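1. The following block contains a protein sequence and its predicted model.
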Amino acid sequence: AATVPPNLDEVVSIFGEVVEDPLLRIPNEKEGSEDRETCDDPSDVAREMKTINHQIMTSFVTLTNVLLQEPAVAREELVKVSRLLVRLLEQSNRYREHQARENLIAVLEETAEAKRTALAEVERDLEVTEAALEEVVKL
């Protein structure tokens, strides 16, 4: 019997491992276009990451207690921790956008400054050349 490939909408990659859990599925950009957050301030993302990290730690402690007392019920808490980890990954990806944007701005500013410097040198050389030509014409 042939195996049915997993539905790509239900496949999530976490730390390079493919997880086929529909509970962890992240909506694609078309589905979550209204809910997709845009962030102008990296400190907002950092604050959200700290909050999620605290929630993960709390949920992990709860998960360990549940595993010790009622292992059969642990699945619900495990899903909660997994979802929080996915949210943390999403936030870290949003933070990377800011880092990339800042790096691009720095590179463009350096390039613009280098071009201004080169232009100033060319203008200075042009003035020297024009002065030399005027001296030659006077002779």
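-> Sure thing, it's come through.
2. pLDDT of stretch 88-98, averaged?
-> Across stretch 88-98, pLDDT averages out at 78.
3. Check which residues of that stretch are buried.
-> Leu88, Leu89, Glu90, Gln91, Arg94, Tyr95, His98 (16 or more other Cβ atoms under 10 Å). For every residue, glycine as well, the C-beta is placed using N, CA and C.
4. that's a helix at the fifth one, yeah?
-> Yes. If the criterion is DSSP: H, G, I helix; E, B strand; the rest coil, then Arg94 is within a helix.
5. pretty sure it is touching Val45, no?
-> Yes. Contact criterion Cβ atoms under 8 Å: Arg94 and Val45 qualify, at 5.1 Å.
6. mind listing the strands for the chain?
-> 12-14, 17-19 (DSSP state E).
7. Could you tell me the least trusted of those strands?
-> Ranked on mean pLDDT, the bottom entry among these is strand 12-14, at a mean of 55.
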